[in-house]
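# fold the following and give me the result.
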Amino acid sequence: MPADAPDGPSASVLTLVRGRADRLRNLMAGLAHQSVRPRELVIAWMQPERTLDLPDPGCPVRHRHVEGEPMPLAAARNRAAEVATGDLFIFLDVDCIPSPTLVAAYRRAAAQAEGLFLGEVLYLPPGLDPGLAADDAALARLGRTHPARPPVPPEGLRPEPDPGQLWGLSFALPSHRWHAVGGMDESYVGYGGEETDLAARLTASGLPTFWVGGARAYHQHHPVHVPPLQHFDAILANATRFRGTHGRWCMTYWLGQFRTAGLIAWDDDARAIRVLRRPDASEVAAALRPDALFS
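Purely as a prediction, here's the structure:
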């Protein structure tokens, strides 16, 4: 397995962890089987102590600890980026197992164009056998495409006119473009909005967005809330911050779900969100869908 082969920019893989040690081990197993391994893996730990007895991902591993409640997602990505040394940053969610060509595909894309690069993510069913983490053929058979995502080319690049397609599960960009816009805005607290804000600022800086063929990852299942009522306050606060910055709303799908549930008064033309009532504990519990693949 070549180490950061010379036909493209050097690549750092960055991930965030709180709990989910089993998921992290599967991610690392996927990195160990890359056709071209990255320069390094950077793990931002959103917990006091890092997990021990981790597998060898086939590359050096750097560790950063990030304090904060609720989960400091924007800050953790920024702290990871501060120590990453690659020319290309590949952000991979801890729930994702990279296919063997993910790093090579992102590096090849960055050698062809300068952009914000998005990779395909397939969703795995519950009860994944841990032994399948390195079996790409089995994962490809089991994985399902998210119904809200556009088709991804089998290889090469396809321009994406909507940078809002960025989801934090798997994306990449040149490190100098990340630093030029100041990374993620840490005033987005808790869940939601920080990735869409980053994409909007990158687009405003002149960076185009592309889908990348071959940069596939597999999302390891976890229960989801439909709608995500457990993040109700954070979603409202972050959507409001986004509108104040960019003049439009983000997370409109979830806001629409909250409106349908009678929790808020809001529409696309609204200047503010009016809270009618907050979900109670029984509503949050009832929204949990243990077997749903998609939120």
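
# quick one, phi psi at Gly190?
As for Gly190, its main-chain torsions (degrees, to the nearest 10) stand at phi 80, psi -150.

# run a quick neighbour tally on it.
The burial count assigned to Gly190 is 19, neighbours taken as other CB atoms under 10 Å. (Glycine included, C-beta is placed from N, CA and C.)

# again, but for Pro159
The local packing count at Pro159 equals 10, with neighbours defined by other CB under 10 Å.

# any idea which helix or strand carries the nearest residue to Val83 once chain neighbours are set aside?
The spatial neighbour of Val83 that comes closest, neighbours along the chain excluded (CB to CB, 6 or more residues apart in numbering), is Arg62 at 5.4 Å. Assigned by DSSP states H and E, Arg62 falls within strand 61-65.

# can you list the neighbours in contact with the helix or strand just after that strand?
Scanning the chain past strand 61-65 towards its C-terminal end, the next helix or strand to appear is helix 73-83 (assignment: DSSP H and E). If you take CB atoms under 8 Å, 6 or more residues apart in numbering as the criterion, helix 73-83 is touched by 14-16, 42-44, 46, 62, 64, 66, 68, 89, 91, 168, 175, 178-179, 183-186, 188, 190-191, 194.

# so for helix 73-83, what's the average pLDDT?
Here helix 73-83 scores 96 as its mean pLDDT.

# C-terminal to that helix, what's the next element?
Tracing the chain past helix 73-83, the next element assigned as helix or strand by DSSP H and E is strand 88-92.

# and the angle from that following strand to helix 73-83?
Interaxial angle of strand 88-92 relative to helix 73-83 (axes from the mean of the first three to the mean of the last three CA atoms, to 10 degrees): 140 degrees.

# so which residue is dead centre in this structure?
Closest to where the C-alpha atoms of the chain average out (CA atoms, centre = their mean) is Gly168, at 1.8 Å.

# element containing His222, please.
With elements delineated by DSSP H and E, His222 resides in a region that no helix or strand encompasses.

# now it: closest residue in space that isn't a chain neighbour?
In this structure, His222 finds its nearest non-sequential neighbour in Asp95, 6.6 Å apart by CB to CB, 6+ apart.

# surely Pro38 and Ala32 touch.
No - at 10.9 Å, Pro38 and Ala32 do not qualify as touching, with contact defined as CB atoms under 8 Å.

# neighbour count winner among those two?
The residue with the greater number of neighbours, taking Pro38 and Ala32 and applying other CB under 10 Å, is Pro38; the counts read 30 against 18.

# Gly214 belongs to a strand, doesn't it?
Yes - the secondary structure assignment for Gly214 places it in a strand, going by DSSP: H, G, I helix; E, B strand; the rest coil.

# and Arg278, what is it in contact with?
232-233, 263.

# Met46 too?
By CB under 8 Å, 6+ apart, the neighbours of Met46 are 16-18, 66, 68, 71-72, 76.

# closest to Trp249 out of those residues?
Within the contacts of Met46, proximity to Trp249 (CB to CB) peaks at Met71, which comes in at 22.6 Å.

# from Leu16, how far out is the closest one?
Using CB to CB, to the nearest Å, one obtains 8 Å as the distance from Met71 to Leu16.

# and these two? Which one has more around it.
Leu16 (26 against 17).

# wait, the more buried one touches Ala44, no?
Yes - here Leu16 lies in contact with Ala44, judged by CB under 8 Å, at a distance of 4.8 Å.

# what touches both of those two?
By CB under 8 Å, 6+ apart, Leu16 and Ala44 have these common neighbours: 66, 76-77, 80.

# where's Trp254, which helix or strand?
With elements delineated by DSSP H and E, Trp254 resides in helix 252-260, which encompasses its position.

# describe which strands the helix or strand following that helix pairs with in its sheet and in which direction.
Using DSSP H and E, the next helix or strand after helix 252-260 towards the C-terminus is strand 264-265. Taking DSSP bridges as the criterion, strand 264-265 sits next to strand 274-275 (antiparallel) in its sheet.

# which residues sit against the strand it pairs with?
Taking CB under 8 Å, 6+ apart as the criterion, the residues outside strand 274-275 that touch it are 236, 263-266.

# can you rerun that using 6 Å?
By CB atoms under 6 Å, 6 or more residues apart in numbering, the surrounding residues in contact with strand 274-275 are 264-265.

# and for stretch 165-174?
Outside of stretch 165-174, the residues within contact range by CB under 6 Å, 6+ apart are 88, 90-93, 96, 106, 114, 116-119, 121, 195, 199, 217.

# looking at those, state which has the most neighbours.
Neighbour counts for these were taken using other CB under 10 Å; the highest belongs to Tyr106, which has 31 neighbours.
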